[in-house]
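> 3D, please:
(6 chains)
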There are 6 protein chains.
Amino acid sequence: MFSHIKNLQFEAKPDGPDAAFARRLQEILGGKWGEMTVANQYLYQGWNCRLPGKYKDLLLDVGTEEMGHVEMIATMITRLLEHAPLSLAEAAEGNPMVGAIYGGSNPAHFIHGGGGAMPVDSVGMPWNGSYVTASGNLMADFQLNVTAEAQGRLQVSRLFNMTDDPGVKQMLRFLLARDTMHQNMWMAAIEQLKEDGLEAMPVPEAFPDSPDFTEEFSYTYLDFSPDGDAGQGRWASGPAPDGKGEFRYDHSPRAHAPEPVLPPGDPRLYGTDPGMVQGVMNKVKSKVT
Amino acid sequence: MFSHIKNLQFEAKPDGPDAAFARRLQEILGGKWGEMTVANQYLYQGWNCRLPGKYKDLLLDVGTEEMGHVEMIATMITRLLEHAPLSLAEAAEGNPMVGAIYGGSNPAHFIHGGGGAMPVDSVGMPWNGSYVTASGNLMADFQLNVTAEAQGRLQVSRLFNMTDDPGVKQMLRFLLARDTMHQNMWMAAIEQLKEDGLEAMPVPEAFPDSPDFTEEFSYTYLDFSPDGDAGQGRWASGPAPDGKGEFRYDHSPRAHAPEPVLPPGDPRLYGTDPGMVQGVMNKVKSKVT
Amino acid sequence: MFSHIKNLQFEAKPDGPDAAFARRLQEILGGKWGEMTVANQYLYQGWNCRLPGKYKDLLLDVGTEEMGHVEMIATMITRLLEHAPLSLAEAAEGNPMVGAIYGGSNPAHFIHGGGGAMPVDSVGMPWNGSYVTASGNLMADFQLNVTAEAQGRLQVSRLFNMTDDPGVKQMLRFLLARDTMHQNMWMAAIEQLKEDGLEAMPVPEAFPDSPDFTEEFSYTYLDFSPDGDAGQGRWASGPAPDGKGEFRYDHSPRAHAPEPVLPPGDPRLYGTDPGMVQGVMNKVKSKVT
Amino acid sequence: MFSHIKNLQFEAKPDGPDAAFARRLQEILGGKWGEMTVANQYLYQGWNCRLPGKYKDLLLDVGTEEMGHVEMIATMITRLLEHAPLSLAEAAEGNPMVGAIYGGSNPAHFIHGGGGAMPVDSVGMPWNGSYVTASGNLMADFQLNVTAEAQGRLQVSRLFNMTDDPGVKQMLRFLLARDTMHQNMWMAAIEQLKEDGLEAMPVPEAFPDSPDFTEEFSYTYLDFSPDGDAGQGRWASGPAPDGKGEFRYDHSPRAHAPEPVLPPGDPRLYGTDPGMVQGVMNKVKSKVT
Amino acid sequence: MFSHIKNLQFEAKPDGPDAAFARRLQEILGGKWGEMTVANQYLYQGWNCRLPGKYKDLLLDVGTEEMGHVEMIATMITRLLEHAPLSLAEAAEGNPMVGAIYGGSNPAHFIHGGGGAMPVDSVGMPWNGSYVTASGNLMADFQLNVTAEAQGRLQVSRLFNMTDDPGVKQMLRFLLARDTMHQNMWMAAIEQLKEDGLEAMPVPEAFPDSPDFTEEFSYTYLDFSPDGDAGQGRWASGPAPDGKGEFRYDHSPRAHAPEPVLPPGDPRLYGTDPGMVQGVMNKVKSKVT
Amino acid sequence: MFSHIKNLQFEAKPDGPDAAFARRLQEILGGKWGEMTVANQYLYQGWNCRLPGKYKDLLLDVGTEEMGHVEMIATMITRLLEHAPLSLAEAAEGNPMVGAIYGGSNPAHFIHGGGGAMPVDSVGMPWNGSYVTASGNLMADFQLNVTAEAQGRLQVSRLFNMTDDPGVKQMLRFLLARDTMHQNMWMAAIEQLKEDGLEAMPVPEAFPDSPDFTEEFSYTYLDFSPDGDAGQGRWASGPAPDGKGEFRYDHSPRAHAPEPVLPPGDPRLYGTDPGMVQGVMNKVKSKVT
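Okay, here's the model as predicted:
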């Protein structure tokens, strides 16, 4: 169960309006790697977590914090949307900056949202639930969470270079610091999972590869464009990170199965297939299995 | 530039049809973590890679292999779609397995696809480009690739338990082995990036956190649901994985900003706001023609 | 800023598993009128609300409660997903109920979600941000909130008739009671807005219709399929609800503008148009304006 | 069955081109609250209406009128798309207005649509069927229709302030007048439903709340962020609009269920759960129910 | 401007209910190649058509007819949704057909639509505007319309084999006959366009290929998987259908450009690139252009 | 199985950067008619093709070539994204061209993609699998492929007029020439299908129209907006292209079925219907607990 206080976790007040930057800031609110994604992802991972205790609690705690970040960024965007040019006439009569704001802003912010934040990304595409993964396997999901925080911190750092507004920059510094913490946190959680003996690599550890396939497939780099340098990397020789095998390099991977020949289809589906046309069928049916 | 041979990388032939399993197998073809995702993700990461040499080549090689996996799974699905019940009458007159196939299959496989594979997931939702991330930062993206292979191997292992067909299981064993290799490979690539001095944690390393924020925010676990066990994990005390800080634990995080009070909106947007309540509305009314 | 306690607002425990009902219950979690929609809609309306005080607080309070409903339903779904048949063989060998569960469940619940709730609807389509409207005009939005609670209560009442599980029914009774409160609440909020003089009908009140159009268009029912009974309703005669006009009925609406003739397009776009082809252009250009 | 005449219901001719405004005007054509939505929503509600007579006829009549509005707006947009700058060179060499049009227009209008209207919104996102609700319960749907017309009129009034073109403004005046009528009409239809005894509040009336829950949940305002003014509104005390209860106010809502502990998952899904790992299971299983 | 009569173009009444077939029938209502697509596609092509006269009229006429088909199919679906099993208990206690209906139906038909048709496809995914193309070039669009009618007739013929209901089959026969007409009609319209000298192949005719490229690229079949029979088709030798060239066959297509080496990225975007890291840059910069 | 060489099929190097054109060029990469669509469409049609030999090989060959076009365009876009203005300040301080680039570019290219191509269209909407059709009927699909190449060539020719960059224009010339070839190729393949006796018009030929319907429906033009010139076209009189009928013209199409009256709905769904008005509601109420 959630509760809310009216104060913000951190200040979200720009020194001035900038509707074009407001559109861009939507990326870390409603984009694939934005705060709505991490908030929902951690909460769903937490709600679905079948292991009571510190992992489940971690997920629910941090998901709750991210809800507060959604709130901060939404507030910032609404403030940035002040005093925007609404028409072509306003865009053209002002200084060049006004024209750039007009072209660079999201018209739905005004027509649909009335000058308020929306659950969309920097293009204006709505956030959607496919951004969230809660697989039930904590190792796979914590690895996803590491990259979610890395992609998020990367996007915030880029946005930091897209504005000169001191108030905006201060809020971004806060978000960068929290992303630093959260990257570290999920890395630590992966270490913890290993220490607790709950999962190892490759995920899922409980499913062992077939011994017949191990040598040729489980540790072999197959080079499908053999005119390059990929053989020089650590992934092509030496011990594999899972500690269970040795990398090999195959510069000329072979096909293991013949050209597929499909059986005739159901004639009630009216496809073009051997079963429907006698003349062609005779020509090809010796090859059909 | 690509070329193609008619043979398959590995055999993709079921021992018998099963349209309900065909629907489920679509998840690893056109789902968020399926082969279309990894093929496109690695290729886009490769095409966008501004660093020539082994990393770029790695991405393009493996993306090309994944295109061959797309082909194998599509072929398997088309073969599994044989002899499916088309109508309620067929579903009800057969043995219980026929009824279960009818209910458990994707009708679009027959009405739209004519008995062939489609670029959709196990629900029937089309694959889409938002599943792909190519951020330009290899560390962030290789971390994503690790989880992509882990989520993929997890899904294949689950599908392995959803069928008894020996031919299907054999293809899944092959895919599991390749996912083992690819998980190891991206982990090794992360190590290689560090060795080559190209990136470190937290991503992006080139953006340093503000010193003012480091102590309170960059390494502090803020517990937003303080009735749990999250403080017991490695993420709440001890050295952080980036080697640059020490975790701290705050069981009662405070708000750093007051309740936000927003400025009045543009009256031309007709929102409900303080500016409209008073005389502004009068002013606006006279202007409307 | 949000905080969270581990307890649930209300119990969310079924007496037994039912993966097919779990799929259906997703509608009120991640569907258009589900709890994710109302939680986000009220929060975004609150964050964007430029009028400080009771309206803004109302929106944030109730949005926070709805987050707790998201949690309850997610928990219920995860519990309902126990002991589901994974394969066709299991589906066919059990009693008929097992076969119906197999056909009626969402395979992504198992392949992607590992037996946990997902932010999707009863079809399996991801929740998305276009379900949320926060227009900045509280009257328009409170009217939307009324229907959101009505559609939501309607769906819960239908789901009530789709299960016999006592634990599920008890949670649905709780949600029905809260939807009763919330329908009443938004109706009361509409009354309050009127009392406070902040908005009236038609929305937005601050934009007055052109007097020239009032008689013919602002209060006239135009009957575009004149073979029916629509003229018998309250909307075709008598005083209009806004207290500003009288309904009229036009059983034979006329067109007010001629057939549109478009100007030739830019030849650099290679459309088929008069400007491109001399012979046709001569024939038609007298009509082109 | 539909028929069509070539004349327009109202003139849709701008005085001059403006591709940037054309993009914005798409919001009321193919946006969530645009004419495609109301046309399809009323028609689907009408086709699905199981009650013959005036309600069904009302829905089909007005849906048909809205198809004519779709036609008018599409025609207007196509005319506005004339003479747009196609390249950066054209954008930069003209006056500042040309640059603002270039940045503010939708490139797909030219590359995909060849200078014609498209079924998309002001961002360029395609209209989709999830915008339509036809629930079968007329009270719930008429309430939705009220807000649809209110949101629609709000958007048109905003667009009115985004252009100076007399021809565009004249068409918008017509649409505003019809939205006035339609808001009134759906309000009248709600009154009619009540008079005819077909539905009352809360929707659906036929489902009565459990008496055990009425006092605590059906009429009680639960304040989940207790530092605000929400208790001052009409929704927190006094008679509820449904005439069946009295509002109460709870400033400290309690949780009614303990922290949920989930049962172990199916080991064949390879989640991280107590059932899979003996050591952890022993530690936690006494808590698992 | 449109008008509507209450009668249907053709009868749409099943002999009995079948909710599983109702779900399947949605494909030709709200699927990619369904009636909503052709109705909107022809109307948008008509509204955008800059050439007054018979082509524009053809598009608007037929689009209007298709609206009547949308109505018929929606009506049929609503009737088919009668008497469906709502719960697992009902599904399991009836005959096997009831269980198959439960598994094979779309739960949103009942929870969301209350037993009525929806603007979605057979999977349940909403119809969307990207299905519509109105390019402004009639030849390109008429070719699309041919395939739209062919794909549509194909789907109807498949659905014809998925039911035994005489009433359903009769309506499908009507739709098949109209699809026959419409396929013929668009083929005739293509011939008419050629006769009128408005467009020829390749589209757009007004853009001539560069003479330098004609021989090697404009008429040459490049075989990128040279182990097959593609060279035996009419597309690899002989005169091309446009009457302007002769097909050639290249069994070993060559690359015309070197491996791309990208310039360093903007360091403010924090990508992994040569510009950011001195040591690596020295190693590679001689290759960077 | 695929392989890859590092060289490009054709040079993809602009003479200078242009982030606004890069956004526009995305249309032919990730748009509905872009290279990702044709690559996937031909490959899926090939993988699903049940007829071994030249048709299947054709599809796989050309799909493989299109993958190389995806690569070229992605490379071009990444190069065009150099030196873009990141902030409003940069946009406004440069020459007018810089402002136009700022407004006309896609911010996600920088925030999400780090200056690299993405699988999206010119609006920024992700490519999705519904763009692909592989129906199993080669005639229907080859007709789709004709229009895909025509729409594609049309879009490339429009983009040709949207840039002055010689390097970009040279790559577009190459793509135009290949689109010329591919339009011819699919037309030739349609001829080949007819010659081989595999399919004829109307598709699917194997489903004959009911003789009762032939005269009135299969060859009759029904004019639903009878105030126009559509009767003057070849589609209204004379022999039909399928060689099986003669076109007729009906200027006043009649309705063949009465107004539909629907049966009462299931009371458990709480719709507004005739069944609920009377005694049914009483019966239901007593059952609800």
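> Which residues of the stretch 151-289 of chain A lie near chain E?
With CB under 8 Å from any CB of the partner chain as the criterion, the stretch 151-289 of chain A comes near chain E at residues A:154, A:157, A:158, A:161, A:268, A:269, A:270. The way it works is simple: take the backbone N, C-alpha and C, and place the C-beta from them, glycine included.
> So which of those residues sit within helices?
A:154, A:157, A:158 (DSSP state H).
> which among these gets closest to chain D?
Of all those, chain D sits closest to residue A:158, with 20.4 Å by CB to the nearest CB.
> Per-residue pLDDT of that closest one, please?
Looking at residue A:158, its pLDDT is 98.
> average pLDDT for the strand ranked longest in chain A?
Assignment by DSSP state E gives strand A:246-250 as the longest strand of chain A. Strand A:246-250 shows a mean pLDDT of 96 in the predicted model.
> And it, what's buried?
Residues A:247, A:248, A:250 are the ones in strand A:246-250 that count as buried (16 or more other CB atoms under 10 Å in any protein chain shown).
> Just give me the closest of these to residue E:142.
For these, the closest approach to residue E:142 (CB to CB) belongs to residue A:250, at 50.9 Å.
> how about the closest one, what does it touch?
The contact partners of residue A:250, by CB atoms under 8 Å, 6 or more residues apart in numbering or on different chains, come to A:220, A:221, A:222, A:223.
> Can you name the residue of the stretch 151-289 of chain A nearest chain C?
residue A:204 (9.9 Å).
> give the contact list for the closest residue to that residue other than its chain neighbours.
Ranked by CB to CB, 6 or more residues apart in numbering or on different chains and with sequence neighbours excluded, the top spatial neighbour of residue A:204 is residue D:270, at 3.7 Å. Contact analysis of residue D:270 by CB under 8 Å, 6+ apart lists A:136, A:137, A:204, A:206, A:207, B:154, B:157, B:158, C:114, D:276.
> Whichever of the residues you listed end up buried, select them in PyMOL.
Buried residues within these, by 16+ other CB under 10 Å, are selected in PyMOL with:
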select buried, (chain A and resi 136+137+204+207) or (chain B and resi 154+157+158) or (chain C and resi 114) or (chain D and resi 276)
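> Tell me which entries of the contacts of residue D:270 lie within helices.
Per DSSP H, the subset of the contacts of residue D:270 in helices is B:154, B:157, B:158.
> what's the farthest-apart pair in the residues of the stretch 151-289 of chain A next to chain E?
Pairwise distances across these peak at 60.4 Å for A:161 and A:268 (criterion: CB to CB).
> does chain D sit close to stretch A:185-193?
Yes - Stretch A:185-193 is in contact with chain D by CB under 8 Å from any CB, via residue A:193.
> ok, residue A:20 touching residue A:107?
No - counting by CB atoms under 8 Å, residue A:20 stays clear of residue A:107, with 11.8 Å between them.
> elements contacting the helix or strand where residue A:148 lies?
In the assignment (DSSP states H and E), residue A:148 maps to helix A:138-160. When contacts are defined as 3 or more CB pairs under 8 Å, 6 or more residues apart in numbering or on different chains; DSSP states H and E, helix A:138-160 sits against helix A:27-30, helix A:35-48, helix A:166-195, helix B:138-160, helix F:108-111.
> Closest residue of the stretch 101-250 of chain A to chain B?
residue A:228 (3.2 Å).
> what sits up against stretch A:205-220?
A:199, A:240, A:245-250, B:153, B:157, B:160, B:173-174, B:176-178, B:180-181, B:184, D:267, D:270, D:276.
> any idea how far that stretch is from the chain center?
With CA atoms, centre = their mean, to the nearest Å as the basis, stretch A:205-220 stands 28 Å off its chain's centre.
> now for that stretch, what's the gap between its first and last residues?
19 Å (CA to CA, to the nearest Å).
> How about that stretch, which residues are buried there?
A:205, A:207, A:209, A:213, A:214, A:216, A:217, A:218, A:219, A:220.
> now do stretch A:149-169
Those would be A:149-163, A:165, A:167-169, for stretch A:149-169 by 16+ other CB under 10 Å.
> which non-adjacent residue is nearest residue A:231?
residue A:249 (5.2 Å).
> Next: residue A:230.
residue B:57 (4.0 Å).
> Let me see the mean pLDDT of whatever helix or strand that neighbour lives in.
Using DSSP H and E, residue B:57 falls within helix B:54-80. For helix B:54-80, mean pLDDT rounds to 98.
> Tell me the buried residues in the helix or strand just after it?
Using DSSP H and E, the next helix or strand after helix B:54-80 towards the C-terminus is helix B:88-93. Residues B:88, B:89, B:90, B:91, B:92 are the ones in helix B:88-93 that count as buried (16+ other CB under 10 Å).
> from memory the first one sits against residue E:102, does it?
Read that as residue B:88. No - taking CB under 8 Å as the definition, residue B:88 is not a contact partner of residue E:102, at 11.3 Å.
> ok, the residue of the stretch 101-250 of chain A at minimum distance from chain F to residue A:109 distance?
Nearest to chain F in the stretch 101-250 of chain A, going by CB to the nearest CB, is residue A:103, at a distance of 2.1 Å. In this view, residue A:103 and residue A:109 are 14 Å apart by CB to CB, to the nearest Å.
> Report how many residues lie close to residue A:178.
By other CB atoms under 10 Å in any protein chain shown, the residues close to residue A:178 number 27.
> correction: residue A:255
15.
> which ones are touching it?
Contacts of residue A:255 by CB under 8 Å, 6+ apart are B:5, B:7, B:8, B:9, F:1.
> same check, this time on residue A:80
A:14, A:17, A:18, A:19, A:21, A:22, A:25, A:168 are the contacts of residue A:80 under CB under 8 Å, 6+ apart.
> rerun at 7 Å
Contacts for residue A:80 (CB atoms under 7 Å, 6 or more residues apart in numbering or on different chains) come out as A:14, A:17, A:18, A:19, A:21, A:22, A:25.
> ok, now residue A:176?
Neighbours of residue A:176 in contact, by CB under 7 Å, 6+ apart: A:153, A:156, A:157, B:207, B:209.
> repeat that with 6 Å
A:156, B:209 (CB atoms under 6 Å, 6 or more residues apart in numbering or on different chains).
> got the domain boundaries for chain A?
What automatic domain parsing lists as the domains of chain A is A:19-195, A:211-250.
> how near is the nearest residue to residue A:87 once chain neighbours are set aside to residue D:26?
Spatially, and ignoring its direct neighbours in sequence, residue A:87 is nearest to residue D:162 (4.7 Å; CB to CB, 6+ apart). Residue D:162 sits 13 Å away from residue D:26 when distances are taken as CB to CB.
> Same question for residue A:56.
Residue A:56 is 46 Å from residue D:26, by CB to CB.
> three-state assignment of residue A:243?
Three-state call for residue A:243 (DSSP: H, G, I helix; E, B strand; the rest coil): coil.
> How about the contacts made by the residue of the stretch 51-200 of chain A found nearest chain D?
Distances between the stretch 51-200 of chain A and chain D by CB to the nearest CB are smallest at residue A:103, namely 2.2 Å. For residue A:103, the contact set (CB under 6 Å, 6+ apart) comprises D:100, D:103, D:104, F:103.
> If I look at the second one, what pLDDT would I see?
Put plainly, it is residue D:103. Residue D:103 is given a pLDDT of 95.
> hang on, it in a strand?
No - under three-state DSSP, residue D:103 sits outside any strand and is assigned helix.
> quick revisit: so between residue A:56 and residue D:26, which is more surrounded?
residue D:26 (29 against 25).
> Can you give me the distance of that one to residue D:109?
9 Å.
> Next, count neighbours for the residue nearest to residue A:121 when sequence neighbours are not counted.
Ranked by CB to CB, 6+ apart and with sequence neighbours excluded, the top spatial neighbour of residue A:121 is residue A:31, at 3.7 Å. Residues lying near residue A:31 (other CB under 10 Å) number 26.
> what's the distance between residue A:31 and residue A:141?
Using CB to CB, one gets 20 Å for the distance from residue A:31 to residue A:141.
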